[in-house]
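Chemist: Generate coordinates for the sequence data below:
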Amino acid sequence: MAKAPAKVDRIRLSKNQKIRVSQIIRIENRISVCREYIKLWSHLFRFFTIFERDKKFSPEEEKSFFQTTTALSRKQFLFCELTGDSFQGRDKIVEILTMCESLGNLSHLDEATLSKLELDTHALLLEMNVTLGSLMRQMPGTLSLNEIIKKAEEVAKADREAALNGTAETKQKKPRKVKEKKPKKEKKKKAED
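Modeler: Numbering: from 1, shown residues only. The predicted structure is shown next:
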């Protein structure tokens with residue numbers, strides 16, 4: 001007889017944690033995260049356009065390449081989670097980033113592998129832009145493209161600032177008004193006069 005699966009405890013979030021999660025999954029924040037990741041990915045793609053096989057790369061170029069791939073690796077999970085099912089290239093991102101150890105490493109790849117890596121990087125860039133378009137269509141109202149981007153960036157920035165400041169949402173709690181109490185002795189003296 002098979003054992004019943006063990007009961008899994010549910011994670012209970014505090015009120016502030018629930019608010020932060022709701023901020024993260026807002027459509028405006030999802031658009032902002034997607035745009036930021038696309039910007040980083042296009043920076044990675046630029047390395048392929050300026051890449052020369054026999055070139056000796058400077059430490060600054062290697063550092064910039066490393067910083068780009070590191071940022072892409074760190075933000076990959078959030079990007080994939082917030083884009084949901086509209087982005088299908090999750091595994092391809094990891095595959096490409098794994099091959100991009102350094103510019104020096106890329107120069108040791110054979111021509112066919114390097115060309116395939118460049119094409120795959122470009123294909124993912126196009127797919128990311130399609131995903132961004134589908135997220136933007138989910139915005140309510142009839143805003144123009146520039147208005148959607150501006151609104152998404154403003155809301156995402158306000159949410160990040162609120163998270164850093166430890167405030168719930170973008171609204172801050174109003175301080176309670178405290179009434180000053182007059183001593184009872186003064187009331188009695190006034191009543192006698």
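Chemist: Spell out which helix or strand contains the closest residue to Lys151 other than its chain neighbours, please.
Modeler: Nearest in space to Lys151, with sequence neighbours left out and distances taken as C-beta to C-beta, 6 or more residues apart in numbering, is Glu28 at 6.3 Å. Any C-beta I mention is one placed from the backbone N, CA and C, and that applies to glycine too. Taking DSSP states H and E as the criterion, Glu28 maps to helix 27-49.
Chemist: For the helix or strand just after that helix, which helices and strands make contact with it?
Modeler: Downstream of helix 27-49, the next assigned helix or strand under DSSP H and E is helix 59-83. Packed against helix 59-83, as judged by 3 or more C-beta pairs under 8 Å, 6 or more residues apart in numbering; DSSP states H and E, are the following elements: helix 27-49, helix 90-99, helix 103-107.
Chemist: Return the set of buried residues in the helix or strand encompassing Lys151.
Modeler: Assessed by DSSP H and E, Lys151 sits inside helix 145-165. Under the neighbour-count criterion of 16 or more other C-beta atoms under 10 Å, helix 145-165 has Ile148, Ile149, Lys151, Ala152, Glu153, Val155, Ala156, Asp159, Ala162, Ala163 buried.
Chemist: relative orientation of that helix and helix 27-49 in degrees?
Modeler: Interaxial angle of helix 145-165 relative to helix 27-49 (axes from the mean of the first three to the mean of the last three C-alpha atoms, to 10 degrees): 100 degrees.
Chemist: helices or strands next to helix 145-165 in the packing?
Modeler: Partner elements for helix 145-165 (3+ C-beta pairs under 8 Å, 6+ apart): helix 15-24, helix 27-49, helix 111-137.
Chemist: ok, residues contacting the helix holding Glu28?
Modeler: Here helix 27-49 makes contact (C-beta atoms under 8 Å, 6 or more residues apart in numbering) with 23, 65, 68-69, 71-72, 75-76, 78-79, 82-83, 100, 103, 117-118, 121-122, 124-125, 128-129, 131-132, 135-136, 138-139, 148-149, 151-157, 159.
Chemist: any idea how far that helix is from the chain center?
Modeler: Relative to its parent chain, helix 27-49 has a centroid offset of 10 Å by C-alpha atoms, centre = their mean, to the nearest Å.
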